[in-house]
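S.K.: Okay, sequence plus prediction incoming.
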Amino acid sequence: MSEKELRFNSKVIHGGQKPDKAYGAVMPPIYQTSTYAQTSPGEHMGFEYSRSANPTRTALENALASIENGNFGLAFASGLAAMDAVIKLLEPGDEVISTNDLYGGSYRLFRQVFEKYGIKFHFVGMQEVSEIAALINSNTKLVWVETPTNPMMNIIDLKAVSELAKSNKILMAVDNTFATPYLQQPLDLGADIVMHSATKYLGGHSDVVVGALVVKDAALAEKLYFIQNASGAVCGPMDSFLVLRGIKTLHVRMQRHCENGKRIAEYLLAHPKIEKVYWPGFKNHPNHDVATKQMKAYGGMISFVPKGGNFKDAIAIVEKLKVFTLAESLGGVESLAGHPASMTHASIPKKEREKSGVVDSLIRLSVGIEDARDLISDLEQAIG
């Protein structure tokens, strides 16, 4: 059976991987080296300097390409470093259309780093593709998508957006961090670039910071490889090893994240002190039908607002949690709680945040793989 024929649960174990040539190691070794011996100038065994390529990082990049059904994977020092490489494909005067509900660090990179180099960014709700179409002009070169979005869990129709982008000869990039390739595979739905903060679900254990890009097109991959090498924001061999290890259990972890997420979302929805719950699995969630079509399940990310809540109420809840840890990030085996307005999305101006629903009383949960009954008990005592 060829690798292309493997199903996802097998790809996470075997995709892009072969036993090490030196001693047959099943797990790719950690090649903790910066340089490689050459027999003659320019003659080597495939590696010359670890910024350009490292065997452990190459193994990770091959695995990333496999699980996203891509042809080329690139690993970076962080998710933002991966995004930085994508925006460096552009030139002054180019324009980007981005979803208006996105990770605060992404917004900060776009507005505070790249706008001063003459790249213009438009932020718009993408639940209706017509909203994107209205902003396209001759300078538009990239559409940047998150789905589910962070933190409002909005669902964007990837196939519809890709058709619009292709008809206008515009690149489409998708931040697939929340869904992971276990739940959705944007390249198969027409995206040109898939990005991950591999720090999150791919690593899965809150012990590493890594970013990733995956593409199908060879010419696009060559441009990104050039930027990766020229800019140098690559991840090290130990980080690469840790994400490779995490990928091998992605499928079993995601199954539990999704199961627990469903139970927590339903618990919160029925709670008399909770006003709103944002989770794509609810039938009345906007674009629920799109989520059902393009995702295998609905994930373990949930946001909610306490009834009549304000900033102090939200802070009081997250400070009382004991099983959920109050911390930045998401996607680890442990459950995390966050307050987007003061944590992950603090870099977005309050007025802009609130336009997309990120109010001061919003709480975001990354539901881990603990016993769901313990998680519900913890929420019960914190909410009161």
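M.R.: Thanks, I have the structure now. Numbering: from 1, shown residues only.
S.K.: can we go C-alpha only for contacts and neighbour counts from here?
M.R.: Fine.
S.K.: Domains in the chain, by residue range?
M.R.: 3-247, 250-383 (automatic domain parsing).
S.K.: how long is the shortest one end to end?
M.R.: Yep, that's domain 250-383 we're talking about. With Cα to Cα, to the nearest Å as the measure, domain 250-383 spans 31 Å from end to end.
S.K.: How far off centre is it?
M.R.: 16 Å (Cα atoms, centre = their mean, to the nearest Å).
S.K.: can you check stretch 197-215 too?
M.R.: For stretch 197-215 - counting by Cα atoms, centre = their mean - the centre lies 8 Å from the chain centre.
S.K.: May I see the buried residues of it?
M.R.: Residues 197-205, 208-215 are the ones in stretch 197-215 that count as buried (16 or more other Cα atoms under 10 Å).
S.K.: now swap in stretch 285-305 and tell me
M.R.: 285-291, 294-295, 297-305.
S.K.: got the end-to-end distance for that stretch?
M.R.: So stretch 285-305: terminal residues 15 Å apart, Cα to Cα.
S.K.: Can I take it that Gly309 is in a strand?
M.R.: No: assigned with DSSP: H, G, I helix; E, B strand; the rest coil, Gly309 falls outside any strand and is coil.
S.K.: Check whether it really touches Ile363, as I assumed.
M.R.: No: contact status for Gly309 versus Ile363: not in contact, 10.6 Å apart, counting by Cα atoms under 8 Å.
S.K.: Looking at those two, which has the bigger crowd around it?
M.R.: Ile363 (24 against 16; other Cα atoms under 10 Å).
S.K.: would you list the domains of the chain in TSV and tack on mean pLDDT?
M.R.: Formatted as TSV, these follow (pLDDT from 0 to 100):
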stretch	mean pLDDT
domain 3-247	97
domain 250-383	96
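S.K.: Okay, and which of the buried residues of stretch 197-215 map to strands?
M.R.: Among the buried residues of stretch 197-215, the ones falling in strands (DSSP state E) are 197, 211-215.
S.K.: Looking at those residues, which one is closest to Lys351?
M.R.: Ser197 (26.5 Å; Cα to Cα).
S.K.: contacting residues around that closest one?
M.R.: Ser197 sits next to 78-80, 177, 209-212 when contact means Cα atoms under 8 Å, 6 or more residues apart in numbering.
S.K.: where exactly do the strands run in this structure?
M.R.: 72-76, 95-99, 120-124, 140-146, 171-175, 193-197, 211-215, 274-278, 301-306, 325-326, 336-338, 363-366.
S.K.: nearest to Arg108, of those strands?
M.R.: strand 120-124 (11.3 Å).
S.K.: Thr249: what's it in contact with?
M.R.: Contacts of Thr249 (Cα under 8 Å, 6+ apart): 12-13.
S.K.: just Lys159 next, same as before
M.R.: Under the criterion of Cα under 8 Å, 6+ apart, the neighbours of Lys159 are 189-190.
S.K.: That one and Val174, how far apart?
M.R.: 11 Å.
S.K.: sorry, back to before: same list, the strands of the chain, but as a markdown table with distance to Arg263 please.
M.R.: Formatted as a markdown table, these follow (distance: least, Cα to Cα, whole Å):
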| stretch | distance to Arg263 |
| --- | --- |
| strand 72-76 | 34 |
| strand 95-99 | 28 |
| strand 120-124 | 31 |
| strand 140-146 | 24 |
| strand 171-175 | 26 |
| strand 193-197 | 26 |
| strand 211-215 | 30 |
| strand 274-278 | 13 |
| strand 301-306 | 11 |
| strand 325-326 | 18 |
| strand 336-338 | 16 |
| strand 363-366 | 13 |
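S.K.: returning to what we had before: please identify which of the ones in strands among the buried residues of stretch 197-215 is nearest to Pro55.
M.R.: Ala212 (16.1 Å).
S.K.: Just give the nearest non-adjacent residue to the closest one, would you?
M.R.: Nearest residue to Ala212, sequence neighbours excluded (Cα to Cα, 6 or more residues apart in numbering): Ala75, at 4.5 Å.
S.K.: okay, now the one you found: neighbour count?
M.R.: Neighbours of Ala75 (other Cα under 10 Å): 31.
S.K.: any idea how far it lies from Tyr201?
M.R.: 15 Å.
S.K.: ok, for Leu224, nearest residue in space, not its chain neighbours?
M.R.: Ala85 (6.6 Å).
S.K.: So what's the residue count around Arg7?
M.R.: Counted with other Cα under 10 Å, Arg7 comes out at 11.
S.K.: For it, what are phi and psi?
M.R.: Arg7 has phi and psi values of phi -80, psi 160 when expressed as degrees, to the nearest 10.
S.K.: And it, how close does it get to Gln185?
M.R.: For Arg7, the distance to Gln185 - Cα to Cα - is 13 Å.
S.K.: that older thread, make TSV out of the ones in strands among the buried residues of stretch 197-215 and add distance to Gly232.
M.R.: Output for those, formatted as TSV (distance: Cα to Cα, whole Å):
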residue	distance to Gly232
Ser197	17
Gly211	13
Ala212	14
Leu213	15
Val214	18
Val215	19
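S.K.: Between those, which sits nearest Gly190?
M.R.: So of those, ranked by how close each gets to Gly190 (Cα to Cα), first place is Val215, at 10.8 Å.
S.K.: Okay, helices next: where are they in the stretch 101-250 of the chain?
M.R.: Here the stretch 101-250 of the chain has its helices, by DSSP state H, counting those that start in this stretch, at 104-108, 129-133, 158-167, 180-183, 218-231, 237-247, 250-270.
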